[in-house]
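Q: Show me how the following folds:
(one chain, ligands or ions: 1)
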Amino acid sequence: MPDTLSITDNRTGKTYEVPITDGTIHAIDLRQIKTSPDDFGIMSYDPAFTNTASCRSAITYIDGDRGILEYRGYPIEQLAERSTYLETAYLIVYGKLPTQRELDEWTHNITYHTFVHENIKKFLEGFRYDAHPMGMLVGTIGALSTFYPDARHVLDAESREVQTHRLIAKVPTLAAFAYRHNRGMPFVYPDNELSFCGNFLSMLWKMSESKYRPDPVLERAVNVLFILHADHEQNCSANAMRSVASSRSDPYSATAAAAAALYGPLHGGANEEVLHMLAEIGDKKRVPEFVKKFKSGEGRLMGFGHRVYKNYDPRAKIIKRTADEVFDLVGRNPMLDIALELERIALEDEYFIERKLYPNVDFYSGIIYQALGFPVEMFPVLFAIPRTSGWVAQWREMITDPEQKIARPRQIYTGGRGIDYVPMEQRKTAPAAEAVAAPR
Ligand code: ACO
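A: Numbers count the residues shown, from 1 in each chain. Presented below is the predicted three-dimensional model:
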């Protein structure tokens, strides 16, 4: 049997054969289905891309029903246990685990680029004391493009290589500077003798000591958290990265757009929302009352549910273990008890079972971040740092893919047509418009 789909158009009685490749039909093949020669042809309608593959990708594999996540074919569980973030970033970007020499060279290249131009500090100082660090990060990542005009040569492999190093290396520095700005503390320059994660902790927490020595348990926990967040195939921010970069804008501008997408409460901002939610619940005893509210559609149980995972989020399992290790060191976060109770009750509840709603990675990551002393505003920033390697990999794959073009979806137009311009004095104010215009 050939791998084709037969489609009969009941409007015309005509039948069409459409090839199926990789379990997918090409949406453009539908355009031949017309009622007359001047008919535009059929389009597929898929708001929010719930059933549309926008690319071919060899970076991240997810099987949402089985709870499987693999980077370049390597299971997330093995990477979280045995790899470091920087090695995983290499794997994600280049598609293979590095040899010792390749890893040394990669580590050197990233380390070499951790410093940012001194003027970046001036931008950061210009933000209000209470500016959201994610807003600062989005702004300063975008600003990097002005320091590296060579980045616009996106079709030049050598240029892509340098921007890859710069982006992965500089985002932690920008993130730490944003954090220190919020705290009113002096910026700490990168310490290139430390590991990628150790240096990040140093830039966050170094005070008057001549050398910051990261606690190995914390350094490992940060590595695991970073590995878990490094990529997640075509999520909202990866799609933003690809979409913006498809116009061949430079990778700093595209990464700023991706970080902006991550900022939203339904994406990377969810871990921040989880903590707000747990604080609002305040006590284990109030969990049933809140679960009832979420079921009635009054707000969402943040950190629950996922577009792809309909069984469990494998990252949530790993992160729970990391949480225990961190709590052994820094003390238990009292929010954990509320979270555990919330998870227990929700997982027994018909509403959540029926809709296949399970804890996602954000449900526990925020609790760890808070135990480590981070304010909630830093949570999406801590997500953006490791996701930078995923964004960069998605960008590199997109830009070298001959099947890709500038991203430009179609629409179903629902507005009026050919309406004659009405002079101002003849216009009537519609009641709805009046309500908007009324002073409050
Ligand atoms: N709490 C309560 N009900 C929920 C939740 C939730 N967290 N998530 C989904 N539902 C319900 C919806 O109301 C809907 O119910 P209905 O069928 O009766 O209308 C049903 O489950 C399906 O929900 P959708 O919104 O269609 O699912 P979608 O795949 O579009 O959304 C999303 C996925 C955005 C993650 C959603 O589950 C959500 O808002 N979760 C909370 C935010 C969150 O944790 N985001 C982090 C995602 S992971 C990440 O970005 C790293």
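Q: To which secondary structure element type does residue 278 belong?
A: helix (DSSP: H, G, I helix; E, B strand; the rest coil).
Q: OK, contacts around the residue nearest to it when sequence neighbours are not counted?
A: Setting aside the residues directly before and after it, residue 278 is nearest to residue 335 in space (CB to CB, 6 or more residues apart in numbering), at 4.6 Å. The C-beta positions use only the backbone N, C-alpha and C, and glycine is treated the same way. Taking CB atoms under 8 Å, 6 or more residues apart in numbering as the criterion, residue 335 is in contact with 275, 278, 279, 367, 370.
Q: Now list the buried members of those.
A: 275, 278, 367, 370 (16 or more other CB atoms under 10 Å).
Q: circling back: okay if I get the contacts of residue 335 as CSV plus distance to the ligand and pLDDT?
A: Conversion of those to CSV gives the following (distance: CB to the nearest ligand atom, whole Å; pLDDT from 0 to 100):
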residue, distance to the ligand, pLDDT
275, 12, 91
278, 13, 94
279, 16, 93
367, 14, 88
370, 16, 87
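Q: Between all of those, which two are separated the most?
A: Using CB to CB, these span at most 11.4 Å, a distance reached by 279 and 367.
Q: Filter the buried ones among the contacts of residue 335 down to just the ones in strands.
A: Mapping those onto strands (DSSP state E) picks out no residues; all lie outside.
Q: of the residues you listed, closest to residue 425?
A: The nearest member of the buried ones among the contacts of residue 335 to residue 425, counting by CB to CB, is residue 275 at 54.6 Å.
Q: for that closest one, what are its contacts?
A: With CB under 8 Å, 6+ apart as the criterion, the residues that contact residue 275 are 335, 366, 367, 370, 376, 379.
Q: tell me which of those is nearest to residue 305?
A: The closest of the contacts of residue 275, once distances to residue 305 are taken by CB to CB, is residue 366, at 15.6 Å.
Q: contacting residues for the closest one?
A: Contacts for residue 366 were tallied using CB under 8 Å, 6+ apart; they are 271, 272, 274, 275, 303, 376, 379.
Q: Those in helices, which ones?
A: When the contacts of residue 366 are checked against helices (DSSP state H), the matches are 271, 272, 274, 275, 379.
Q: Quickly note the distance from residue 272 to residue 356.
A: Distance from residue 272 to residue 356, counting by CB to CB, to the nearest Å: 24 Å.
Q: So for those two, which sits in the more crowded spot?
A: Taking other CB atoms under 10 Å, residue 272 and residue 356 do not tie; residue 272 has more neighbours (25 against 14).
Q: Isn't the more buried one up against residue 375?
A: No. Between residue 272 and residue 375 there is no contact, the gap being 9.4 Å when judged by CB atoms under 8 Å.
Q: quick check, residue 242 in a helix?
A: Yes. When three-state DSSP is applied, residue 242 is found to be in a helix.
Q: Show the pLDDT at it.
A: pLDDT for residue 242: 98.
Q: any idea how far it lies from residue 49?
A: For residue 242, the distance to residue 49 equals 12 Å [CB to CB].
Q: hmm, back to that, nearest to residue 184, of the buried ones among the contacts of residue 335?
A: Checking the buried ones among the contacts of residue 335 one by one against residue 184 (CB to CB), the nearest turns out to be residue 370, at 20.3 Å.
Q: what about the closest residue to the ligand within the stretch 1-150 of the chain, how many neighbours?
A: With CB to the nearest ligand atom as the measure, residue 48 is the residue of the stretch 1-150 of the chain nearest to the ligand, at 6.8 Å. The local packing count at residue 48 equals 8, with neighbours defined by other CB under 10 Å.
Q: And for the one 3 residues further on?
A: Burial of residue 51, expressed as a neighbour count using other CB under 10 Å, amounts to 8.
Q: Turn the buried ones among the contacts of residue 335 into JSON lines, columns for distance to residue 133.
A: Output for the buried ones among the contacts of residue 335, formatted as JSON lines (distance: CB to CB, whole Å):
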{"residue": "275", "distance to residue 133": "15"}
{"residue": "278", "distance to residue 133": "20"}
{"residue": "367", "distance to residue 133": "19"}
{"residue": "370", "distance to residue 133": "15"}
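Q: How many residues are close by residue 291?
A: With neighbours defined by other CB under 10 Å, the count for residue 291 comes to 20.
Q: Next, it: secondary structure please.
A: Note that with three-state DSSP, the state of residue 291 is helix.
Q: The residue nearest to it when sequence neighbours are not counted: what's it in contact with?
A: Beyond its immediate neighbours in the sequence, the residue positioned closest to residue 291 (CB to CB, 6+ apart) is residue 345, lying 5.4 Å away. If you count contacts by CB under 8 Å, 6+ apart, residue 345 has them with 287, 288, 291.
Q: which SSE is residue 345 in?
A: Assigned by DSSP states H and E, residue 345 belongs to helix 335-348.
Q: what pLDDT, on average, does that helix get?
A: Per-residue confidence for helix 335-348 averages out to 91 on the pLDDT scale.
Q: Next secondary structure element downstream of that helix?
A: Past helix 335-348, heading to the C-terminal end, the next element that is a helix or strand (DSSP H and E) is helix 350-354.
Q: So what's the gap between that next one and the chain middle?
A: Helix 350-354 has its average C-alpha position 27 Å from the chain's average C-alpha position, going by CA atoms, centre = their mean, to the nearest Å.
Q: Any buried residues in it, and which?
A: Neighbour counts using 16+ other CB under 10 Å place residue 352 of helix 350-354 among the buried residues.
Q: who touches both of residue 242 and residue 49?
A: residue 234.
Q: between the two, who's got more neighbours?
A: For residue 242 against residue 49, the residue with the higher neighbour count under other CB under 10 Å is residue 242, and the figures read 24 against 13.
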